[in-house]
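>>> sequence first, predicted model second:
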Amino acid sequence: TDAAPTPNVPYLRANNAALFCKETMAFGAPPPLRACDWLLHYWRLVRLSFTAPNAAVLRRSNTKLPIIVYSHGLGGNAEMYSYQTMSLAASGYVVVLVEHMDGSAAMVRRKDGSIAERNSTIIDLWHSGKAVEYVQGRRKMTHHRCKEFLSAVNWAKQLNTIDNVNGVDFRNVVNTDDLHFMGHSFGGATCLEASRRVKPKSIVSHDPATDWMSDSGRCAMFPKERWEGGEVNYDGETGGLDYDDDTDGTSKLLIHDRDLLILSSEEWIDKNWGSSHVLREMSRRKKLGTASGKSKQVIIQAAHHNEFSDSCMMTPLWLARAVKVTGNRSPLDTAKEIHLRTFEFFEMMRDGK
């Protein structure tokens, strides 16, 4: 007999697709193309194949499933990270994606149907030369994002008591102690900052925008004893940093008391965004994460910052290369390497090897 057809779903949710494509072009495209949202119309036609979740299969598993909570980058949403998150889900992880309503997403539809719009005014600070004010605004958004991220963490910890999540019964299926954080860019900074409040087993941060972390968060990410005496010093990033200031009372909340994987694109390294040179030196000197020696920074060669999301795979190569969001390497090959390195690290953390 013929095999049953593989179920599939639209890549973009139907009620969001048109507005999401419009906002994505307005935010991310070169100025001459920003009004041409029709260029992304084909995104609305893409469908993803998947194997329908089967609660009975989940229950027959001898090992309870680990949890990853994921935070998207600036201008993104849950769908734009489908490759990385669905690959992990297919490997046996329960992946919870946060869609942030701080104005950093292209758009988010609330439960009541209203739209949380992208904050289009903060970028005016940058364009008008007010870099410090711009970054301060992003840091306030990080505070909002952390609240949302931790709410998602708290929800994920209750999965063992929830009998219906989109038709799947997760009761007694997940290991709520096997909890991991993950994010890209703004999301990379968000998960690092949030880890000071709730301790995961490990963190994977892709090209973290560390400049957008709070003052106390940057103190925790770059404590002096971790970088002093090395070849690269930490300058505190935009506006500098006072290590003795503890106005919010959180200076003792740590980041390096768990294992970290920092994945950095070659573009991020070349431009020294996110103090990636300092992180590289800390990794070289084994000053990242715990004393286990498992934490490290890995550079994804010939990779661009946007290639941690799906955007480069979804964009025709001729266009992606013309606007310099991808290079000569295949974005799919880059995505596969990112997944493999991320997955191997998570598995190492789970196995305790």
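Looks like it arrived, so ask away.
>>> drop to CA atoms for contacts and neighbour counts, all remaining ones
OK.
>>> spell out the residue ranges of the helices in the stretch 101-250 of the chain.
122-127, 131-156, 186-194, 215-221, 224-227 (DSSP state H, counting those that start in this stretch).
>>> and Leu97, which of these is closest to it?
helix 131-156 (8.1 Å; C-alpha to C-alpha).
>>> closest to Gly92 out of the helices of the stretch 101-250 of the chain?
helix 131-156 (15.5 Å).
>>> just the angle for that closest one relative to helix 186-194, thanks.
Angle between the axes of helix 131-156 and helix 186-194 is 70 degrees (criterion: axes from the mean of the first three to the mean of the last three C-alpha atoms, to 10 degrees).
>>> if I look at Thr238, how far off is Ala209?
The spacing between Thr238 and Ala209, counted by C-alpha to C-alpha, to the nearest Å, is 12 Å.
>>> comparing these two, which shows the higher neighbour count?
For Thr238 and Ala209, the more surrounded residue by other C-alpha atoms under 10 Å is Ala209, and the numbers stand at 22 against 14.
>>> check contacts around that one.
Contact partners of Ala209, counting by C-alpha atoms under 8 Å, 6 or more residues apart in numbering, are Ser185, Phe186, Gly187, Gly188, Ala189, Trp273, Gly274.
>>> same deal with Leu254?
With C-alpha under 8 Å, 6+ apart, Leu254 has these contacts: Arg196, Ala220, Met221.
>>> how much space between it and Ala303?
Distance from Leu254 to Ala303, by C-alpha to C-alpha: 30 Å.
>>> so what's Val95 bridging to?
Ile68 (DSSP bridges).
>>> near it, how many other residues are there?
Residues contacting Val95 under the criterion other C-alpha under 10 Å number 21.
>>> thought it was touching Leu65?
No - the pair Val95 / Leu65 is not scored as a contact, 10.1 Å apart, by C-alpha atoms under 8 Å.
>>> what about stretch 151-162, start to end distance?
Using C-alpha to C-alpha, the two ends of stretch 151-162 sit 16 Å apart.
>>> pull out the buried residues from that stretch.
Neighbour-count burial for stretch 151-162, with 16 or more other C-alpha atoms under 10 Å as criterion, is recorded at Ala152, Val153, Ala156, Lys157, Leu159.
>>> returning to what we had before: buried deepest among the helices of the stretch 101-250 of the chain, which one?
helix 186-194 (a mean of 29; mean count of other C-alpha atoms under 10 Å).
>>> Ala220 touches Asp257, doesn't it?
No - the pair Ala220 / Asp257 is not scored as a contact, 10.2 Å apart, by C-alpha under 8 Å.
>>> tell me which element Val298 falls in.
strand 296-300 (DSSP states H and E).
>>> returning to what we had before: just put the buried residues of stretch 151-162 in a markdown table and tack on pLDDT and distance to Ala116.
Formatted as a markdown table, those follow (pLDDT from 0 to 100; distance: C-alpha to C-alpha, whole Å):
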| residue | pLDDT | distance to Ala116 |
| --- | --- | --- |
| Ala152 | 97 | 18 |
| Val153 | 97 | 21 |
| Ala156 | 95 | 23 |
| Lys157 | 94 | 26 |
| Leu159 | 91 | 26 |
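>>> mind putting the helices of the stretch 101-250 of the chain into a markdown table with distance to Leu261?
A markdown table is the format used below for these (distance: least, C-alpha to C-alpha, whole Å):
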| stretch | distance to Leu261 |
| --- | --- |
| helix 122-127 | 30 |
| helix 131-156 | 19 |
| helix 186-194 | 11 |
| helix 215-221 | 13 |
| helix 224-227 | 16 |
